[in-house]
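1. below are the sequence and a predicted model; questions follow.
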Amino acid sequence: NAGVTQTPKFQVLKTGQSMTLQCAQDMNHNSMYWYRQDPGMGLRLIYYSASEGTTDKGEVPNGYNVSRLNKREFSLRLESAAPSQTSVYFCASRGTGGLPLHFGNGTRLTVT
Amino acid sequence: ILNVEQSPQSLHVQEGDSTNFTCSFPSSNFYALHWYRWETAKSPKALFVMTLNGDEKKKGRISATLNTKEGYSYLYIKGSQPEDSATYLCALPYGGSQGNLIFGKGTKLSVKP
């Protein structure tokens, strides 16, 4: 019953540092997503993966890269963190047939 | 890209009040509408997925209606309780029912005991 698991829960980076946010789901979902949530902006899609082996840019992809390692795992990498990337990041997955998203618990990232 | 608008932005009610808020969207190329409930420090959880004009869904004291012809959905909460305090998000898929979800900015509900 784990659902979508994200790590870490919190992270503080200095400008220019890199890090990878990890996400795994155990629901056998094809589609996986990375969103960021900023005050007054709502949830915005960074990257998504419609199936294993494919990834595509969302609304705000600049400064990020992703890897769909296998069907379960979808990671988000910040190569050179910037203060503008301070945000709460959510991973989500979704089955086929127009089903709703299942979200992880979020990663609160601060870049100083 | 879809323009998904939610109103009001925030709402403060007393325990026991009934309340409702709106999600507005373009009526053309409609595939589905999702409602999510997002409690502070937790992750968003799906409430309803609605697809048909005139649809009405209910879960306990929370219900939702859908009007695809005029491009709106209402979420109703009957007899609000403090545990209903959360941000309520609506989202619509873009380009098909399995398309990426475009989210509104949410309505933040605070229920005072």
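-> All right, it came through fine.
2. C-alpha from now on. contacts and neighbour counts both.
-> Noted.
3. ok, B:Thr40 - contacts?
-> B:Thr40 makes contact with B:86-87 under the criterion Cα atoms under 8 Å, 6 or more residues apart in numbering or on different chains.
4. host element of it?
-> Under DSSP states H and E, no helix or strand contains B:Thr40.
5. I would like the residues contacting the worst-scoring helix or strand of chain B on mean pLDDT, please.
-> Evaluated with mean pLDDT, DSSP states H and E, the helix-and-strand set of chain B has its lowest mean pLDDT in strand B:101-103, which scores a mean of 93. Strand B:101-103 is contacted by residues A:42-44, B:2, B:4, B:89-94 when judged by Cα under 8 Å, 6+ apart.
6. export the residues you listed to CSV and tack on secondary structure, neighbour count and distance to A:Gln85?
-> As requested, these are arranged in CSV below (DSSP: H, G, I helix; E, B strand; the rest coil; neighbours: other Cα atoms under 10 Å in any protein chain shown; distance: Cα to Cα, whole Å):
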residue, secondary structure, neighbour count, distance to A:Gln85
A:Gly42, strand, 16, 15
A:Leu43, strand, 23, 14
A:Arg44, strand, 22, 13
B:Leu2, coil, 16, 24
B:Val4, coil, 19, 24
B:Leu89, strand, 25, 23
B:Cys90, strand, 30, 24
B:Ala91, strand, 27, 23
B:Leu92, strand, 26, 25
B:Pro93, strand, 20, 25
B:Tyr94, coil, 17, 25
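7. contact residues of chain B facing chain A?
-> B:32, B:34, B:42-46, B:49, B:97-98, B:102-106 (Cα under 8 Å from any Cα of the partner chain).
8. sketch out the helices for chain A, chain order is fine.
-> Under the criterion DSSP state H, chain A contains no helices.
9. avg pLDDT for stretch B:72-89?
-> Throughout stretch B:72-89, pLDDT has a mean value of 97.
10. could you do stretch A:79-98 as well?
-> Across stretch A:79-98, pLDDT averages out at 95.
11. tell me the buried residues in that stretch?
-> Residues of stretch A:79-98 classed as buried: A:81-82, A:85-95, A:98 (neighbour count, 16 or more other Cα atoms under 10 Å in any protein chain shown).
12. of the residues you listed, which belong to strands?
-> A:87-94 (DSSP state E).
13. show me what residue of chain A gets nearest to chain B.
-> Closest contact between chain A and chain B, by Cα to the nearest Cα, is at A:Gly42 (4.3 Å).
14. wait, doesn't that residue sit right on B:Gly104?
-> Yes - with contacts counted by Cα atoms under 8 Å, A:Gly42 reaches B:Gly104, the gap being 6.4 Å.
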